[in-house]
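In: Predicted coordinates and the sequence they were generated for:
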Amino acid sequence: MRRKRRQRRRKQRLLVLAVIALLAVGIFAGVWWMIAHRGKDKGVDAPDVLASPHTKEIMVMGVDPRTDDTGRSDTLFVVSLDEEAKRASILSIPRDTRVEMEQGAYEKINHAYAYGGQEYAQQVLERLLGAKIDGYVIVNIRAFEKMIDAVGGVDIDVEKRMYYEDPWDEDGGLVIDLYPGEQHLDGKQAMEYVRFRDEEGDIGRIARQQKFMKALLARVTSPEVVPHLSQIVRELGSIIETDMEIGDMAHFAALLPDIKGNGVESALLPGKPAWWQETSYWLPDIKEARRLLASQMGAAMTPPIKERADRDAALYAEKLPQGLADVDGMMRVAAPGVVSGETNGASHGAVKPENIRVKVLNCSGIKGAAAKSADVLRDRGFVIDNEDVGNGRTRDLQETTFTVPKGTEPLFGNLPFPCVIRTGDDDTAVLEIGKDYNDA
């Protein structure tokens, strides 16, 4: 009996280390995979696939499960872990990244998890990056606050005033209220920080997430975490899914202080924003993305890898759809031999989306309509201050209308909801959302 108790205690200690590793690198940068097999290759025989004997590539996903479906990956990044150099690198993948799914269909990469779970999401990511993924970590983002509170919060320098209020948010109302400066954030405040979206859209949010991950790593490797170990085990043991073994994670936990000391390189998947059929996308620069990942892995861009990157990039450009537009309103046409950077047609004059002030008023009573519409417009390049998003004077407006400055009408076309465009004399565009609104 005593032997079994000792074994249970030993497993608990390993689990403590595992959870710490997952907290610091599961949300932050993944956990170590296949440490027991270091020195061996990854079993990648294809000469055109990125691989390095010194690093392991971990796919880390923050998943938002729904009551009626699997959910989508709200956060996605790849961590390259180098045990010899005791370093880690992060490559963040925007959730709007346009990628090839099955049978030549193209979708946003955050749909992959909903279509086929972790395995399918990993296949799509490997095809995009031309690299082998060695393991995965999936974190339920709804448990985020609990995870941060379990380690006693984090210290972070909030870069600016962050205020946003949406009484119609799906979770019963959302208020983000943070002031600039160095401060200690609890779980609720941390969630506000990483959820806040401004005129930079998802790209700005990714930058804040990367900054937050580094702050979390500093916290988890600090002596203050030790008294919270029992609490961490009790509260967090069941909210992380991974294919890692406890022994491997415990080994990696011992490397965290060195990784923190050596610094963590963070990067965004190279690409640019675009718009097509009422939907925003991130168009990856495939060749540059693979060069960047090779650098993070310490891998060589061999001739076969370069040739595959050239082929994949050319095919991606061919498959871009007719009518694709970037956020400046430049129309793009996908055709054989036409690369994505070429244009067909002219821009909508000298005025660009960022030159126009936009107000978004919810006059429908539909919860979240103003916030969602503002995010759609921000993704198209319009600059919308949080103070210009709110409720209108009524909740009974039947028809959604967009009153825009004269001469700018083409910039407001193809919205993902029914809308009547009207020309006004003011320099400010005003969107008034009516009961005909939907975001499907």
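Out: Sure thing, it's come through. Numbers count the residues shown, from 1 in each chain.

In: Can you list the buried residues in stretch 138-151?
Out: Of all the residues in stretch 138-151, those buried under the rule 16 or more other CB atoms under 10 Å are I138, V139, N140, I141, A143, F144, E145, M147, I148, D149, A150, V151. C-beta here means a position set from N, CA and C on the backbone, and glycine is covered the same way.

In: Quick check, central residue of the chain?
Out: T75 (3.7 Å; CA atoms, centre = their mean).

In: okay, now the residue lying closest to that one once chain neighbours are set aside: neighbour count?
Out: Computed as CB to CB, 6 or more residues apart in numbering, the closest residue to T75 that is not its neighbour in sequence is G62, at 3.4 Å. Close neighbours of G62, defined as other CB atoms under 10 Å, add up to 22.

In: got the CA positions of the helix or strand that contains G62 in PDB?
Out: Assigned by DSSP states H and E, G62 falls within strand 55-64. Extracted as PDB, the C-alpha positions of strand 55-64 are listed here (Å, rounded to 0.1, in the frame of the first residue of the first chain):
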ATOM      1  CA  THR A  55      14.400  20.900 -33.200                       C
ATOM      2  CA  LYS A  56      10.900  19.600 -32.700                       C
ATOM      3  CA  GLU A  57       7.900  21.400 -34.100                       C
ATOM      4  CA  ILE A  58       4.800  21.600 -31.900                       C
ATOM      5  CA  MET A  59       1.400  22.700 -33.100                       C
ATOM      6  CA  VAL A  60      -0.400  24.700 -30.300                       C
ATOM      7  CA  MET A  61      -4.100  25.500 -30.700                       C
ATOM      8  CA  GLY A  62      -6.500  27.500 -28.500                       C
ATOM      9  CA  VAL A  63      -9.900  25.900 -29.200                       C
ATOM     10  CA  ASP A  64     -13.300  27.500 -28.500                       C
END
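
In: returning to that earlier point: check which strands are paired with the helix or strand hosting the residue nearest to the centre of the chain and give the direction for each one.
Out: Using DSSP H and E, the element containing T75 is strand 72-82. With DSSP bridges as the test, strand 72-82 is paired with strand 55-64 (antiparallel), strand 87-92 (antiparallel).

In: In it, which residues are buried?
Out: R72, S73, T75, L76, F77, V78, V79, S80, L81, D82.

In: Now do it, average pLDDT.
Out: For strand 72-82, the mean pLDDT works out to 82.

In: what does stretch 306-313 give?
Out: Rounded mean pLDDT across stretch 306-313 is 95.

In: and what of stretch 58-69?
Out: On average, stretch 58-69 scores 73.

In: Please renumber the chain so that the first residue is 43 from this point on.
Out: Done: numbering now begins at 43, and the last item shifts to stretch 100-111.

In: could you pull out the helices for the chain?
Out: Remark: helices assigned in the chain by DSSP state H are 44-63, 154-171, 186-192, 229-237, 243-262, 271-278, 288-295, 298-304, 328-339, 345-360, 411-421.

In: among these, which is the most enclosed?
Out: helix 411-421 (a mean of 24; mean count of other CB atoms under 10 Å).

In: helices or strands up against that helix?
Out: Contacts defined by 3 or more CB pairs under 8 Å, 6 or more residues apart in numbering; DSSP states H and E place helix 411-421 against strand 204-208, helix 243-262, strand 399-404, strand 431-433, strand 470-475.

In: okay, the ones you listed in TSV with distance to R129 next?
Out: What follows is the helices and strands packed on helix 411-421, written out as TSV (distance: least, CB to CB, whole Å):
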stretch	distance to R129
strand 204-208	31
helix 243-262	12
strand 399-404	43
strand 431-433	41
strand 470-475	47
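
In: For E161, find the nearest of these.
Out: helix 243-262 (24.5 Å; CB to CB).

In: starting at the chain centroid, how far to that closest one?
Out: Averaging C-alpha coordinates over helix 243-262 and over its chain gives two centres that are 11 Å apart (CA atoms, centre = their mean, to the nearest Å).

In: tell me what it is packed against?
Out: Using 3+ CB pairs under 8 Å, 6+ apart: helix 243-262 touches strand 129-134, strand 196-200, helix 229-237, helix 298-304, strand 306-310, helix 411-421.

In: which of those has the lowest average pLDDT?
Out: Among the helices and strands packed on helix 243-262, helix 298-304 carries the lowest mean pLDDT (a mean of 72).

In: What angle do helix 229-237 and the strand holding T117 make with each other?
Out: 90 degrees (axes from the mean of the first three to the mean of the last three CA atoms, to 10 degrees).

In: For strand 114-124, C-alpha coordinates in CSV please.
Out: Output of strand 114-124 as CSV, limited to C-alpha atoms (Å, rounded to 0.1, in the frame of the first residue of the first chain):
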residue,chain,number,x,y,z
ARG,A,114,-12.8,26.3,-34.2
SER,A,115,-9.2,27.1,-33.4
ASP,A,116,-9.2,30.7,-32.2
THR,A,117,-5.4,30.7,-31.7
LEU,A,118,-2.9,28.7,-33.7
PHE,A,119,0.9,28.8,-33.7
VAL,A,120,3.9,26.5,-34.3
VAL,A,121,6.7,26.2,-31.7
SER,A,122,10.2,25.2,-32.7
LEU,A,123,12.0,23.8,-29.7
ASP,A,124,15.8,23.3,-29.8
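
In: tilt between that strand and strand 306-310?
Out: Using the same axes, to 10 degrees: strand 114-124 against strand 306-310 is 140 degrees.

In: Run the angle between strand 114-124 and helix 154-171 for me.
Out: 40 degrees.
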